[in-house]
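Participant: Give me a 3D structure for the following:
(2 chains)
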Amino acid sequence: ELKVEQNPLFLSMQEGKNYTIYCNYSTTSDRLYWYRQDPGKSLESLFVLLSNGAVKQEGRLMASLDTKARLSTLHITAAVHDLSATYFCAVTKRFGAGTRLTVKP
Amino acid sequence: EPEVTQTPSHQVTQMGQEVILRCVPISNHLYFYWYRQILGQKVEFLVSFYNNEISEKSEIFDDQFSVERPDGSNFTLKIRSTKLEDSAMYFCASSSIRGRTEAFFGQGTRLTVV
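Facilitator: Residues are numbered from 1 along each chain as shown, chains lettered A, B, ... in the order given. Below you'll find the predicted structure:
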């Protein structure tokens, strides 16, 4: 059974700092998705990673995929308060537990 | 901008009653999905639908659940006899190409079973 694990589950960071969220999965897959969810809201697609070595960047977020290590990372650069949300990775249709990010001034 | 729309936004139902959750996917999308999320926790896959049939379903999607595309636009999830543990936010999503592009999620239906 496919397992998708994210860590950390909770992340509190200061504005301006960098941090990385990790997503490990247990079976072979060549596609991985990152979503953002604000409290009480729906899921917003951030990145679709479709091959080994894929790297995508949007603003202060950068996502990468290593299919051999079964690992994806979501790197946050110089965090700002607006990035506070829960971030989910998903492999095929199975989601990780989410990382609740709080960015403090 | 095209979006997935879901109705109702909130549904309260008595345990044992049937509910139908409705979704209008993005018009040129071909793949449709239902997910649920209990109290802001993990997002759980229920079912995917393509070409008027179920393409995949999870272990959660048992006999009390069914999906239908009754016309060219609506996509529905029916829960035949609701249980307290069915209380959750139900999200519909659609995508144009299976797995190769992002899925667009609707705003969700909050189902409360009392």
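Participant: going forward, measure contacts and count neighbours with C-alpha atoms only.
Facilitator: Will do.
Participant: So B:Ala103 is in contact with B:Ala93, correct?
Facilitator: Yes: counting by C-alpha atoms under 8 Å, B:Ala93 is a contact partner of B:Ala103 at 6.0 Å.
Participant: sec struct for A:Glu5, please.
Facilitator: Under DSSP: H, G, I helix; E, B strand; the rest coil, A:Glu5 falls in the strand class.
Participant: Any idea what A:Ser72 is bridged to?
Facilitator: Beta-bridge pairing of A:Ser72, defined through DSSP bridges, involves A:Cys23, A:Leu65.
Participant: Next up, the contacts around it.
Facilitator: Shown in contact with A:Ser72 (C-alpha atoms under 8 Å, 6 or more residues apart in numbering or on different chains): A:22-24, A:32, A:63-66.
Participant: Pick out the one among the residues you listed with the largest number of neighbours.
Facilitator: A:Leu32 (30 neighbours; other C-alpha atoms under 10 Å in any protein chain shown).
Participant: Tell me the bridge partners for that one.
Facilitator: A:Leu49, A:Val91.
Participant: Do I have it right that it meets A:Leu50?
Facilitator: Yes: counting by C-alpha under 8 Å, A:Leu50 is a contact partner of A:Leu32 at 6.6 Å.
Participant: Neighbour count: B:Ala103 and B:Ala93, which is higher?
Facilitator: The neighbour count for B:Ala103 versus B:Ala93, taken as other C-alpha under 10 Å, is higher for B:Ala93 (28 against 24).
Participant: residues near B:Lys83, how many?
Facilitator: For B:Lys83, the tally of surrounding residues (other C-alpha under 10 Å) stands at 18.
Participant: If we ignore the residues flanking it in sequence, what's nearest A:Leu50?
Facilitator: Leaving out its chain neighbours, the residue that sits closest to A:Leu50 by C-alpha to C-alpha, 6 or more residues apart in numbering or on different chains is A:Arg31, at 4.3 Å.
Participant: Give me the neighbour count for the one you found.
Facilitator: Neighbours around A:Arg31, by other C-alpha under 10 Å: 19.
Participant: For it, list the residues it contacts.
Facilitator: Per C-alpha under 8 Å, 6+ apart, neighbours of A:Arg31: A:48-51, A:91-92, B:99-100.
Participant: pLDDT at it, what is it?
Facilitator: Looking at A:Arg31, its pLDDT is 85.
Participant: cool, the one 3 residues further on as well?
Facilitator: We note a pLDDT of 97 for A:Trp34 in this prediction.
Participant: Kindly report the residues of chain A close to chain B.
Facilitator: A:31, A:33, A:39-45, A:47-48, A:50, A:92-98 (C-alpha under 8 Å from any C-alpha of the partner chain).
Participant: Just the buried subset of those, written out for PyMOL, thanks.
Facilitator: Here is the PyMOL selection string for the buried members of the residues of chain A next to chain B, based on 16 or more other C-alpha atoms under 10 Å in any protein chain shown:
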select buried, chain A and resi 31+33+42+43+44+45+47+48+50+92+93+94+95+96+97+98
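Participant: just checking, which of the residues of chain A next to chain B belong to strands?
Facilitator: Counting by DSSP state E, the part of those found in strands is A:33, A:43-45, A:47-48, A:94-95.
Participant: Next, format those residues as TSV and append distance to B:Glu68.
Facilitator: Shown next, in TSV, are those (distance: C-alpha to C-alpha, whole Å):
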residue	distance to B:Glu68
A:Tyr33	26
A:Leu43	23
A:Glu44	25
A:Ser45	25
A:Phe47	29
A:Val48	28
A:Arg94	22
A:Phe95	24
